[in-house]
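# I would like to see how this sequence folds:
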Amino acid sequence: MRSLVTQLVRSIVLSRDTASDGAIDGAMCVDSERRIVYWTVVDAGGVVELLSTRPASDAIPIFGDSPMSVPVAAHFNADSATVCVALTGGEIVSVSVESGMQEIVGSIDDGILAMAWAPDAELGVFVSAAGTILVMTQAWDLVGETSLFDKAGHTREQFVSVGWGKKETQFHGSAGKAAAQEKPQDANNSLTPDDDLKPRVSWRGDGKYFAVSFVDPKTTRRVIHTYTREAAHHSTSEPFPSLQKSIAWRPLGNLIATAQTLPSKQLQIAFFETNGLRHGEFFLRETAADAEILELAWNCDSSVLAVMMKRKTTGRVSVQMWTMGNYYYYLKQEVYAPLDGDNVDVMLWDPEEALTLHFLSGKGRCFQTRSFTSMIQTAPSNATESQQPVLVTDGKYILVTPFRTSNMPPPMCEYKLGPFDACVSSVSVGEKDSLAVLLADGSIVLTTIQPNSLLRKLSTAKPSGISYRQIAFASPNTIMVVASFLDTAKADAVMYFDFVPSESGQEFLLLGEGEVSVPGAEVGIMRLQTDAKNSIVETAEGLVSQLQLSGGSWSAQILTELPAPCPWIAAVEVGKDYDSLETVVIGLSDRNRFYINSRLVSSEVTSFFVHDDHIIVTTLSHTARFIPLSVENEDALVIPPTGSMVHDETLRRVERGSKIVTAVPGDMKLVLQMPRGNLETIYPRALVLSSIRSSLDKLDYKTAFTLCRKHRINMNLLVDHDPASFMTNVSLFVELVKDADFLNLFVSSLSETDVTKTMYIPVPAPPPTPAHFSAGTKKVTAICTAMREALIPLDTVTYITTVLTTFAKPQPQELEAAMSTVKKMKSISLEETENALKYLIFLADANRLYDVALGMYDFQLVVMVAQFSQKDPREYLPFLTALKALTKNRQYYRIDDHLGRHSSALGHLCALIAELEASGDAEKMKQAEAVFTDELLPYVAKHNLFKDALVRYEMNEVKLRALLDAHGSYLFSKAKFAEAGLMFYMANNKTRALLAYRSEYPLWRQALSVAQEIQVSASEMADLAHELSGSIVRCIVRLDETCREVRGVSRIIGDSNLHRKMEEAAESIRRDIVFAASLYF
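Residues are numbered from 1 along each chain as shown. Sure, this is the predicted structure:
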């Protein structure tokens, strides 16, 4: 999904004329350490000269022994700081780049047709005109020598037939039977008309093998031989017709690329393995009648294949750059000579910087270096109305995938834009998905991103000597381009063009144009980045300026200086309010260093994207991190530390090597691309929660609920995010969510936990606020109550399940109220009642519901609960049948007693007695007396219901005394003698009251008093006094022991006051007891 965009351009133009045969293929080399490029030209007098990009350096003439020798190739030797130049006459000249001294270090009598040095610069291969291969060291010692022609049949790896049947009997896949009957093509006499018959040499990246493409004189066809470092023949390629002269071994070592012309005249790049077997191909966009392939070259990391091509109709030579993704080759860039009328002569990839290409043009008169960067071309992050298209350049077409609505895996796409008149070089997406396209020929096309949109050119006249390389929208009617000049005295600049559509609508008319001077542009403008709010530009040294429109003209103001040049930059605004907003620059270097302004944030970032509220980054540790933008200043923009929270929404694990393609604004989609090219769309928790919180702040409960439901977010967040707001807007919540099932889901998910403090802790943390629900108020109960109140005015049938859920969710469950609601439904619809009851059985324990229904005395409801809960009829039918045979009060009494509601059962039993007594029938009066005596009194005593019973019969003296007497007996059995004596006394049962009082020695006063009242005999009083005296003596002994213990404790704790008070209390108690006892002795 990435495109190549030209990043920097550096040019050198020579003032003198060169010979007509100018620079020869390969006569260029690079000093990687000092970043100097050397190349050779032939001047008008036929003298070979060595030139370089060193400041103020002069041309060094190279003299060989053979007249009219021209350069074949050049190589820089870093150890000796010399340039080795091979001439066609056979001379090998070593030129010192410091002193200009030169030496002919060797000569090959037959002449030299090709030279290539290994990537480690230890060995060099020379191919003579006689077909001899010589491998030599830097010291010019011969390592190996062989002939291209003598050993063609003696290879280390030969093709072997294992006899797996004939071709006609084998499976040929989609090609069908026609492939089985197809006759092999004759590879003899199949040279292309453009073949110059010269050999080509290419080394493998590890330097263990090299390949030679040459014309076999016996078969008159091109073949590819591979050799070891010692010049031992390793393999021969399969015979294919119309192989072309160019060859390039991929540095990774798996493929040898060459060109081939098919019988249909279609040009294609064919690949061979080290053993010579064919391994795939891809078609070029031109045919053999249209173009000739001059050279092929892989860059140092094997990501780009450069194809140098000459158009036969115009004679123009260009360099095409092809990249591969998902086994599909894209044409990403096409580079022409900077001067009109010139052609590219020689191209060379930089051996260290993978996306830097050097080339000569104008027959060696102009040198240019172009640096590229791999970039996702999509809409700005703040283009909320955009379909978020990702644009993939592929030659004259733009492949479009709008990720807001679709996700098409590459190399497929939703639709294509084009064809354009030339290869697409750079694109920019503006407002409402408008599109500006910069073509390789410098023309500008404006269109919209939609299928079959009209391509309209912007009428601009690009002066000669100026090249455009990046384009961006500054406003809906203004575009900007980065311009570089061949005049080295002039710095790079940003050009702007104001435009309006023409009356015909077929093109755009230029209203005005101008040039913006950028601070620090002398070193080159590296990146132009615009969005709906900011337009920034970065120089090659990391100086970032903001482009501003003031008074009808544009100017550049310095924002910050990044510590290192960053190919990927963006600008965001942060601040606690509108007045304090500041523009912050984000940069990512090609060494994975992530900067915010001048501050290094991380050293392991592989890609980033600015979303609505976050900066999203992917890291070398295979994670996606989310930096919140809701901070007060730039210093707070940091990657949150890991491990600080169990539920960390700022961290998301991703597949190894994943990089960000885009994140849809206003949505939660994050699209990642894997190293193998496939796409993955994820919904990170940080983006989902941010969207939910934003919806809740806007009271858009429908969207917030939908997101929670879709992404499995705890529904409590809808409440806990702002409890006060939610409780105020419960009715709005019900109105927006509307669906009863959704409301049921929400209520069922409620819990007392505040998820904003456990699961979904906001980052950065908000200021503390007082809890909305106090310790005595349960959140679930409060919400359920509010929900019921909001549902009351609505349709009862529609929301009956929600109402029941609000009864069943709180703890303890309000099942009685729920069953009462179900009972009310019986008057509306029996079917709806059954459905509601089934739903309630799902929410609560069926046995509890059975008891609740039974306690409502509604046998129909009880039977329905039993049936829907699949209870065994043998368990409940006999019981219900027996109940139905009873009278109403007796029936209610039995039900309440069965359910353990004893107070209510007592009430019904009292009602039954009152009913019998009210009849006036003597028989029923006896029954009432029997019920009171035989059932009520034992029931009250069994369940300790005396308080209720006494209240009910406080006006009935007979029954009241009976209850008091029974209560006294109950208390006496529990050894509560004081209370028992009082109850007996109130029941006028003084004999039992005396018995109760004399059972406990502290009650001797009550006992003596009651004894006097009932006028016991003298002997009985003497016995009572004797019994009580023993109790009093035991009490005194016990008290004395207790007082001694207290005195000991008081001494231990050292409280003299306590000791004194206890002594006084003990003495007073002794006097009172002795005095009271003396009255009875």
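
# how many residues are close by residue 522?
Neighbourhood size, residue 522 [other CB atoms under 10 Å]: 14. In this view, the C-beta of every residue, glycine as well, is placed from N, C-alpha and C.

# residues touching it, list them.
residue 491 (CB atoms under 8 Å, 6 or more residues apart in numbering).

# surely it forms part of a helix?
Yes: the assignment for residue 522 (DSSP: H, G, I helix; E, B strand; the rest coil) places it in a helix.

# contacting residues for the spatially most central residue of the chain?
When CA atoms, centre = their mean is applied to the chain, the residue found nearest the centroid is residue 684 (3.5 Å). Taking CB under 8 Å, 6+ apart, we find residue 684 in contact with 616, 624, 626, 649, 652, 668, 670.

# and the least confident of these?
Note: of the contacts of residue 684, the lowest pLDDT belongs to residue 649, at 88.

# tell me if it really is in a helix.
No: counting by three-state DSSP, residue 649 is not found in a helix; it is coil.

# wait, it sits on residue 627?
No: counting by CB atoms under 8 Å, residue 627 is not a contact partner of residue 649; they are 12.0 Å apart.

# got the domain boundaries for the chain?
Structural domains annotated on the chain: 373-606, 685-811, 819-884, 1017-1078, as defined by automatic domain parsing.

# still on that earlier bit, with neighbour numbers in mind, choose between residue 649 and residue 627.
Using other CB under 10 Å as the criterion, residue 649 and residue 627 rank with residue 627 on top: 27 against 21.

# contact partners of the host helix or strand of that one?
Per DSSP states H and E: residue 627 is located in strand 623-628. With CB under 8 Å, 6+ apart as the test, strand 623-628 has contacts from 613-619, 637-640, 649-654, 658, 660, 670, 672, 684, 686-687, 763-764.

# in that strand, what's buried?
623-628 (16 or more other CB atoms under 10 Å).

# equivalent analysis for stretch 825-845, please.
825-826, 832-837, 839-841, 843-844.

# between these, which sits nearest residue 251?
If you rank the buried residues of stretch 825-845 by distance to residue 251 using CB to CB, residue 843 comes first, at 67.6 Å.

# pretty sure that closest one is touching residue 808, no?
Yes: contact criterion CB under 8 Å: residue 843 and residue 808 qualify, at 4.0 Å.

# do me a favour and get the end-to-end distance for stretch 514-532?
One end of stretch 514-532 to the other measures 21 Å (CA to CA, to the nearest Å).

# in that stretch, which residues are buried?
516, 518, 520-521, 523-532.

# which one in the residues you listed is the model shakiest on?
residue 532 (80).

# my read is that one is in a helix, agree?
No: under three-state DSSP, residue 532 falls outside any helix and is assigned coil.

# just give the nearest non-adjacent residue to it, would you?
residue 382 (4.8 Å; CB to CB, 6 or more residues apart in numbering).

# and residue 940, by the same measure?
Residue 940 sits nearest to residue 949 (CB to CB, 6+ apart), 4.7 Å away.

# report whether the one you found is found in a helix, as I expect.
Yes: counting by three-state DSSP, residue 949 is found in a helix.

# wait, it touches residue 960, no?
No: using CB under 8 Å, residue 949 is not in contact with residue 960, being 9.1 Å away.

# for residue 435, give me its contacts.
With CB under 8 Å, 6+ apart, residue 435 has these contacts: 391, 398, 417, 427-429, 446-449.

# which residues does it bridge with?
Counting by DSSP bridges, residue 435 is bridged to residue 429, residue 447.

# what helix or strand is the residue lying closest to residue 216 once chain neighbours are set aside on?
Nearest non-adjacent residue to residue 216, counting by CB to CB, 6+ apart: residue 223, 5.2 Å away. Assessed by DSSP H and E, residue 223 sits inside strand 221-228.

# in that strand, which residues are buried?
221-227.

# look at the nearest residue to residue 102 once chain neighbours are set aside and report its pLDDT.
The shortest distance from residue 102 to any non-neighbouring residue, by CB to CB, 6+ apart, is to residue 95 (4.4 Å). pLDDT recorded at residue 95 is 94.

# where does residue 95 sit: helix, strand or coil?
Strictly by three-state DSSP, residue 95 counts as strand.

# who does it bridge with?
In this entry, residue 95 is beta-bridged to residue 83, residue 102, by DSSP bridges.

# need the contact list for it.
Residue 95 neighbours (CB under 8 Å, 6+ apart): 50, 60, 62, 82-85, 101-102.

# so residue 539 sits against residue 494, correct?
No: look at residue 539 against residue 494 with CB under 8 Å: they stay out of range, at 11.2 Å.

# got any residues that touch both of the two?
518, 525.

# I'd assumed residue 447 was in contact with residue 455.
Yes: applying CB under 8 Å, one finds residue 455 in contact with residue 447, separated by 5.1 Å.

# now do the shared contacts for the two.
Counting by CB under 8 Å, 6+ apart, the shared contacts of residue 455 and residue 447 are residue 417.

# returning to that earlier point: can you redo the buried residues of stretch 514-532 as JSON lines with distance to residue 231?
JSON lines is the format used below for the buried residues of stretch 514-532 (distance: CB to CB, whole Å):
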{"residue": "516", "distance to residue 231": "58"}
{"residue": "518", "distance to residue 231": "54"}
{"residue": "520", "distance to residue 231": "52"}
{"residue": "521", "distance to residue 231": "51"}
{"residue": "523", "distance to residue 231": "46"}
{"residue": "524", "distance to residue 231": "44"}
{"residue": "525", "distance to residue 231": "48"}
{"residue": "526", "distance to residue 231": "45"}
{"residue": "527", "distance to residue 231": "47"}
{"residue": "528", "distance to residue 231": "51"}
{"residue": "529", "distance to residue 231": "52"}
{"residue": "530", "distance to residue 231": "56"}
{"residue": "531", "distance to residue 231": "58"}
{"residue": "532", "distance to residue 231": "62"}
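
# could you check which of residue 949 and residue 960 is surrounded by more residues?
Ranked by neighbour count (other CB under 10 Å), residue 949 and residue 960 place residue 949 first, with 26 against 17.

# what residues are up against that one?
If you count contacts by CB under 8 Å, 6+ apart, then residue 949 has 906, 910, 936, 940, 963 around it.

# for the fourth one, phi and psi?
Read it as residue 940. phi -70, psi -40 (degrees, to the nearest 10).

# now the second one
Dihedral angles of residue 910 (phi, psi; degrees, to the nearest 10) stand at phi -60, psi -40.
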